[in-house]
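Participant: I need the structure of the sequence given here:
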Amino acid sequence: MLGLSKTRSELPEMLVFDILSKLPVKSLIRFKCVCKHWSSSFQTPLFITQHHHNHLRNNNLNFIFKHSLGDSSPDLCYFNLFPLYTEDGQSFSLKQNIRLPFFDDRWRFPEVYGPCNGIFCVESEDNLALWNPSTRQFKILPQSSVQRPPAADYTEFESVGFGYDSQTYDYKVVRFVSNNYKNDNETKQVDLYSLNGNSWKEISVPEVSALGNSWYDNHVNGIYYWAASGANDVGYSCILSFDMVNERFSTLSLPGFNGGGFLEYELLLLNFNGLLGAVTFSWETILKSIEIWVMSGSWTKLFIIESVPGIDMPLGFWKNGELFFENSDGELVLFDPSTRELKNLGIHTCCKESMSIIAYAESLVTFN
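Facilitator: Take a look at the predicted model:
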């Protein structure tokens, strides 16, 4: 009788983890129970980065939608967050709203900055937190220990920036502070938070003022960007940037549009396929002209959208190059620049110009 040989086939470990890095976060959290090696490997910077890049490369994006509920008056409406779902790319739906711990005051909805590697910075008045919607982890940041001028009457917290230092694997938050005095004077400070140290420090103040626009992905390759204004400027004068590695501010020129006051032009900055992108449009024109620019050594105009009746506010890009807009009736619409087709998605808001959409790829980043 011939003996039977039992063979065992094993996949190389590198291939196994390459396969695992393409799975959803929900599956990987479950697979942490397989063995200690898998559990610890899922938390290495290399695996976390590979997993996030795979989801970005495959365009596996999730969308969070913010809109107002309640009364149509801006003073009486309140806000909620919802996951924005689609099964076929044609029909869209909102499911259960997202609750943010520590930010549960519906009348003072927090600003959301990011995403940066799939996580967000959440701000409400003087409170800040980091949030990973994929793992549902939430970390409230400590109050800043930076000393304020003793003669200041009160302090206001202004623009925020949030990004990643790839050299030290550290997430950092930049916050601009205005110290106000009874004689109407003010002084500026800038605080910088490090997740690695879980602490704040004071850094130098730039010569221009950052004009915050949350709900857009302003972090590109370790640098955070703000539209900025000089001391005597009515509108935008430049773009302010902060390098998360060397912790320094710098400025760059605006794209080539006819800049004006805030009531005339709007400038939205965003991450456009790994490059700094800019969306410019006018508030004044009924048939708006919307320009899309990208920075690659210099500003290049990618395309222009002209004379589309009924659209108001650009909200961001869908997976295939289409753009989300809020229309003049407060409804969410999707615009295809190639066909100029405008599709109503059946989602509306009570208060005009209150919609926002954030796209992000899943992340395993933890705050421990």
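
Participant: helix or strand for residue 14, which one?
Facilitator: Residue 14 belongs to helix 13-20 when elements are defined using DSSP states H and E.

Participant: next helix or strand past that helix?
Facilitator: helix 25-31.

Participant: where in the stretch 1-150 of the chain is pLDDT low?
Facilitator: Applying pLDDT under 70 to the stretch 1-150 of the chain flags the ranges 1-9, 68-79, 87-90, 102-109.

Participant: what packs against the helix holding residue 14?
Facilitator: helix 45-57 (3 or more CB pairs under 8 Å, 6 or more residues apart in numbering; DSSP states H and E). For every residue, glycine as well, the C-beta is placed using N, CA and C.

Participant: what does the helix it packs on contact?
Facilitator: Helix 45-57 is contacted by residues 17-18, 21-22, 28, 41-42, 60-61, 117-118, 169, 361-365 when judged by CB atoms under 8 Å, 6 or more residues apart in numbering.

Participant: out of those, which are buried?
Facilitator: Using 16 or more other CB atoms under 10 Å as the burial test, the contacts of helix 45-57 include 17, 21, 28, 41, 42, 117, 118, 361, 362, 363, 364, 365 as buried.

Participant: now distance to residue 143 too, for those, in TSV please.
Facilitator: Shown next, in TSV, are these (distance: CB to CB, whole Å):
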residue	distance to residue 143
17	40
21	37
28	34
41	35
42	32
117	25
118	26
361	31
362	31
363	26
364	28
365	23
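
Participant: taking the residues you listed together, which two end up most distant?
Facilitator: For these, the farthest-apart pair by CB to CB is 41 and 361; their separation is 19.8 Å.

Participant: all helices of the stretch 251-368 of the chain, in order?
Facilitator: Counting by DSSP state H, counting those that start in this stretch, no segments of the stretch 251-368 of the chain form helices.

Participant: remind me which residues of it are low pLDDT?
Facilitator: Low-confidence segments of the stretch 251-368 of the chain (pLDDT under 70): 257-264, 283-288, 307, 350-353.

Participant: what segments of the stretch 201-350 of the chain are strands?
Facilitator: Taking DSSP state E, counting those that start in this stretch, the strands of the stretch 201-350 of the chain run over residues 209-211, 219-220, 223-229, 238-243, 248-252, 265-272, 275-282, 290-295, 299-305, 311-317, 323-327, 331-336, 341-348.
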